[in-house]
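Visitor: Predicted model, plus sequence, below.
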Number of protein chains: 2
Amino acid sequence: MNNSARDRVIVMTQQQTAAVTGAARHPFVEKLNRYTVLCNEEQATLSSLLARTRTIHRGRDIVVQGRPHQALQVLNDGLALRYKILADGKRQILNLVVPGDLIGLPACMFESAIANVSSLTDISVSTIEYKDLFALFHRHPRVAIALFWTSAREGGVYIERLTTIGRRTAYERLAHLILELLFRLRAVGLAGPASFEMPLTQEMLGDMLGLSLQHVNRMIRNLREEGLASVEVHKVTIHDMDALVRLAGFEEIYLSQARIPGLA
Amino acid sequence: MNNSARDRVIVMTQQQTAAVTGAARHPFVEKLNRYTVLCNEEQATLSSLLARTRTIHRGRDIVVQGRPHQALQVLNDGLALRYKILADGKRQILNLVVPGDLIGLPACMFESAIANVSSLTDISVSTIEYKDLFALFHRHPRVAIALFWTSAREGGVYIERLTTIGRRTAYERLAHLILELLFRLRAVGLAGPASFEMPLTQEMLGDMLGLSLQHVNRMIRNLREEGLASVEVHKVTIHDMDALVRLAGFEEIYLSQARIPGLA
DNA sequence: CGTCAGGTTGAGGATGATCAACGAATGTGG
DNA sequence: CCACATTCGTTGATCATCCTCAACCTGACG
């Protein structure tokens, strides 16, 4: 916990730099750059791919289950949710999409999308046509490797959620989700050391965790009464990090964005 | 459902061809070749990467949670399981690994492995060092694209399992798993039109579905009594495919291995 | 001022876990 | 060949976690 405040300051500084230098500094480029140091040309090519951005208001569907598509999209700013709707109307929220993420991964890698993505806030996105993606693989293999690496690591989030839903109690599930959100948002400069803004309703939390909204409400009360964390309207604050980590069985390694080993 | 038997025949023929031409025809190469047609040189490079194989007996751990590593492995033959063990000993099985799959995906994309993989049968594996993988990205961008595509589609299996565990009843979960196993095994020539050999215990099924083994047993009995499917010692047979698909809410698209759109 | 989304709380009930016991099949050592 | 252990499957009884139904509260917004 001691150096997390410092970490955050560094991230925020990067964000501010981005604001100064304009769209060239882009969360997606930043992320790939964390996997392996990219040269100027590589960064320039990526930036030009992402140059044209589009703004979408909150609550709009960006990707729709069953619909075909011919491009991937990158989230530049704001938050989105990936989810699936079952035939009987039940919803499973798969993941939170944060700036720098590929929106259509993995939903858009099929003939028609296998999941929905909708904007949780107003967002800014860039589109990468498949043909441009393929050209990128030919021109900049190192970028391709970084891309491969990120998308493979995405899988880590899913397997962790899977074990959370499959094998943890409701109380543990909520604790684990809160910690995951904290760490993922912190990595993109959107959270403090032990708190973050959260535009998720209790119904959404339930749909992420396989729980009813009423039960989420009770587990939130539990966390508050036990002094572990408080979940208010749009803000989550962690009061006892150690206890929460212990309760959740949380291990942050699956969210790591460390260098790719052995890549020059 | 009508042409699935025919599809299988084609796959089986490919497998037989493999037996004739020897190790050069490899399930991993076959799979990438289904994503985009690879030229001879591309296939040759891949095959040489996979030439050295290693046999591992059943019940051995190939990848161990928390342990570092410097290579990916490819499963050539046999079956394996990816799983996580929690601090209190509970186990969540994440996925079945079938021939042609990258074993260490996504577990080995981190500084230390975030999940275990163990052999379910005697298996044959090839090792791909990271440096060889990187070289492949430089030499054969089209292979890299196919690799990116497969690994991204892996995510589809996880999000489907996630919605299954999060939002379906125990009965539906079992039905869905049986169908997924059938279709995945059929894609590698290891299942008939409506049946397959299954070396999974009821405890393992429970650990895949977030259920207790006793409850799995009862749901299996249900399926049998309703005439939908029978799960015997090491063999699963589906008796009423339509009803099972309806019960599970199963949509096979997330297992598709169709061509990558727009890739020459 | 009415409506609506979101949050809060309680009561009752169902799904699925846990505990417990037993049977069948397989393997092992004597 | 038998005694024994072990693994896997089967079934019943009880119990708890979590769902469903229902009601009410609050604040925001037209």
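Guide: Happy to help now that I have it. Residues are numbered from 1 along each chain as shown, chains lettered A, B, ... in the order given.

Visitor: and stretch A:96-103, how far from the chain's centre?
Guide: The chain centre lies 5 Å from the centre of stretch A:96-103; the measure is CA atoms, centre = their mean, to the nearest Å.

Visitor: Over to stretch A:168-184?
Guide: The answer for stretch A:168-184 is 14 Å, by CA atoms, centre = their mean.

Visitor: likewise stretch A:130-137?
Guide: Per CA atoms, centre = their mean, the centroid offset for stretch A:130-137 relative to its chain is 23 Å.

Visitor: CA-only coordinates of that stretch in PDB, if you can.
Guide: Taking Å, rounded to 0.1, in the frame of the first residue of the first chain, the C-alpha atoms of stretch A:130-137 are listed here in PDB:
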ATOM      1  CA  TYR A 130      -9.300  -5.600 -40.100                       C
ATOM      2  CA  LYS A 131      -7.200  -4.800 -43.100                       C
ATOM      3  CA  ASP A 132      -5.300  -2.100 -41.300                       C
ATOM      4  CA  LEU A 133      -4.700  -4.600 -38.400                       C
ATOM      5  CA  PHE A 134      -3.300  -7.100 -40.900                       C
ATOM      6  CA  ALA A 135      -1.100  -4.500 -42.400                       C
ATOM      7  CA  LEU A 136       0.200  -3.600 -39.000                       C
ATOM      8  CA  PHE A 137       1.100  -7.300 -38.400                       C
END
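
Visitor: List, one by one, the residues from chain A near DNA strand C.
Guide: Contact residues (CB under 7 Å from any atom of the strand) of chain A with DNA strand C: A:T201, A:Q202, A:E203, A:L213, A:Q214, A:N217, A:R218, A:I220, A:R221, A:V233. For every residue, glycine as well, the C-beta is placed using N, CA and C.

Visitor: PyMOL command to pick out the buried ones of the residues you listed?
Guide: Filtering those down to the buried ones (16 or more other CB atoms under 10 Å in any protein chain shown) takes a single PyMOL command:
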select buried, chain A and resi 202+217+220
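
Visitor: Return only those of the residues of chain A next to DNA strand C found close to chain B.
Guide: Residues shared between these and the neighbourhood of chain B: none [CB under 8 Å from any CB of the partner chain].

Visitor: A:N76: what's it in contact with?
Guide: By CB atoms under 8 Å, 6 or more residues apart in numbering or on different chains, the contact list for A:N76 reads A:H26, A:P27, A:F28, A:L50, A:T53, A:P99, A:I123, A:S124, A:V125, A:S126.

Visitor: Tabulate those residues (TSV), appending secondary structure.
Guide: Converted to TSV, those look like this (DSSP: H, G, I helix; E, B strand; the rest coil):
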residue	secondary structure
A:H26	coil
A:P27	helix
A:F28	helix
A:L50	coil
A:T53	strand
A:P99	coil
A:I123	strand
A:S124	strand
A:V125	strand
A:S126	strand
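
Visitor: need the strands for the stretch 151-264 of chain A, in chain order.
Guide: Here the stretch 151-264 of chain A has its strands, by DSSP state E, counting those that start in this stretch, at A:195-197, A:229-232, A:235-238.

Visitor: is the biggest helix by length in chain A anywhere near DNA strand D?
Guide: The residue-count maximum for a helix in chain A (DSSP state H) belongs to helix A:141-167. No - with CB under 7 Å from any atom of the strand as the criterion, DNA strand D is not reached by helix A:141-167; the gap is at least 9.9 Å.
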